[in-house]
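K.L.:
one predicted model, sequence on top.
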Amino acid sequence: MLRTLRSVARFARPVLSPRRRRFLRAANIGDLREIARRRLPGGIFDYIDGGAEDETSLRGNTAAFAGYGFRPRVMRDVSHVDTSVELLGHRLGSPLVFSPTGFTRIAHSQGELAVARVAGAHGLPYALSTLSTRSIEEVAAVTTGPKWFQVYVWRDRGMVRDMLRRAAACGYDTIMITVDTAVLGRRERDVRRGFTLPPKLGPGTLVDGLRHPAWTWDFVRHEPITFANVAGSGPDGSGTAVTLSDFISEQFDPALSWDDLDWFRSEWQGKVLLKGVQTVEDAVTAVQRGADGVRPVREALGPGATVICDGGVRRGGDIVKAIALGADACTMGRTYLYGLGAAGEAGVERAHAMLTDELRRAMQLCGVRTVAEITPDLVEALR
Ligand SMILES: Cc1cc2nc3c(=O)[nH]c(=O)nc-3n(C[C@H](O)[C@H](O)[C@H](O)COP(=O)(O)O)c2cc1C
């Protein structure tokens, strides 16, 4: 009888932890998001998952991909597929960049180091946030991939200059200047929950923490979280996240203008990307003023500028669509944070694997073997 059973079924080793079981069975980024939603306290999940005001842009970013379908070509021998691309002087295994996310260790104690290790292991760029919870130097020490640094333009340009020098000294070769955050967007999920960075402890947060023991246990066992790049720079020099948060919010400079790009050009020898350009007009100005790259606006720019699509990527097929429409590469932000929130470094690794498997399969099903073969005729607007 056992022989008959064995002929049609293989016996799987039982997995006792339900979360581990769910993780092993996760089929896509949406499943990782659901595991993260269960593991993280509500306020922290919403910090990762939410967007500003009515979240129209957040929904619009994913809906934009859904608004395009493929025009697959068949009978084209796709037995060998090469997903690699050349981007800003590096050969990447796939056209994918890990976006900067502030306060990453709130999702999991392994935080930025986990993200940097996964990016490095696959030779992909990781853009470290100004507001990271591991420092420029700590992250540089664990990654072999291209090192990018995301810059918020702060009122105190001396502090910005200092960070640029530190980044250059440990091998970062590209800065990404975030230009859509002259002031912070209002994230209303955070407002309703009273969620701040760092979180304030109250009866609500304590109950939330108790209801999510895996996150809480991971959090309390590890060293305190701080804004690692500016630790010690706060008003009282103590450098804890609590003392730095008001100081940092006040540092966002609403006077940010195109002239600041000239300043960055004089302070930074490496590549300069502008992050958050949302119109063709601004993309054209950015490139005229010396930026190396912006977001999708290929037709207006011609082939010279680097165009990176940031926002809404949840599937490998989305990357194919963005490239068909003119991007050189895509970023992922929430996508890896869901993985990190679900299972730390293993979750980030899994998120990367899901996206790149899907990318490869989408290319094969579309009948293309290289990223260069992903041309506009492969997609069509559905409405
Ligand atoms: C929790 C969180 C924190 C973020 N922190 C930063 C940051 O510190 N600096 C920055 O330039 N962008 C930040 N972003 C924006 C991301 O870099 C990226 O633009 C965005 O997440 C892309 O959209 P996606 O999440 O749909 O991939 C953050 C996004 C999230 C979700």
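P.N.:
Received the coordinates, thanks.
K.L.:
other residues contacting stretch 316-327?
P.N.:
Residues outside stretch 316-327 that contact it (Cβ atoms under 8 Å, 6 or more residues apart in numbering): 65, 68, 70, 94-96, 295-299, 307-309, 312-313, 329-330, 354-363, 366, 371, 374-379. Backbone N, C-alpha and C define where each C-beta goes, glycine included.
K.L.:
show the average pLDDT along it.
P.N.:
Averaging pLDDT along stretch 316-327 gives 96.
K.L.:
where do the strands of this protein begin and end?
P.N.:
With DSSP state E as the criterion, the chain has strands at 68-70, 85-87, 90-92, 96-98, 126-128, 147-152, 174-178, 271-275, 293-294, 306-309, 329-332, 379-381.
K.L.:
which one of those has the lowest average pLDDT?
P.N.:
strand 293-294 (a mean of 78).
K.L.:
that strand - contacts with which helices or strands?
P.N.:
When contacts are defined as 3 or more Cβ pairs under 8 Å, 6 or more residues apart in numbering; DSSP states H and E, strand 293-294 packs onto strand 271-275, helix 280-288, strand 306-309.
K.L.:
export these as CSV, with columns for distance to the ligand and mean neighbour count.
P.N.:
Below are the helices and strands packed on strand 293-294 laid out as CSV (distance: least, Cβ to the nearest ligand atom, whole Å; neighbours: other Cβ atoms under 10 Å):
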stretch, distance to the ligand, mean neighbour count
strand 271-275, 5, 23
helix 280-288, 15, 17
strand 306-309, 10, 23
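K.L.:
redo those as a markdown table? Include distance to S129.
P.N.:
Putting the helices and strands packed on strand 293-294 into a markdown table (distance: least, Cβ to Cβ, whole Å) gives the following:
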| stretch | distance to S129 |
| --- | --- |
| strand 271-275 | 11 |
| helix 280-288 | 21 |
| strand 306-309 | 16 |
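K.L.:
related to what we said a few turns ago, are any of the contacts of stretch 316-327 buried, and which?
P.N.:
Neighbour counting with 16 or more other Cβ atoms under 10 Å marks 65, 68, 70, 94-96, 295-298, 307-309, 312-313, 329-330, 354-356, 358-360, 362-363, 366, 371, 374, 378-379 as buried within the contacts of stretch 316-327.
K.L.:
so which of the residues you listed sit within helices?
P.N.:
65, 298, 354-356, 358-360, 362-363, 366 (DSSP state H).
K.L.:
widest-spaced pair of these?
P.N.:
R298 and M354 (26.8 Å; Cβ to Cβ).
K.L.:
stretch 342-361 vs the ligand: in contact?
P.N.:
No - Stretch 342-361 stays clear of the ligand (Cβ under 6 Å from any ligand atom), getting no nearer than 10.7 Å.
K.L.:
contacts for that stretch next, please.
P.N.:
Taking Cβ under 8 Å, 6+ apart as the rule, stretch 342-361 contacts 19, 23, 26, 28-29, 32-33, 35-36, 39, 81, 83, 93-94, 96, 108-110, 114-115, 117-118, 121-122, 124, 313, 315-317, 319-320, 332, 335-336, 338-341.
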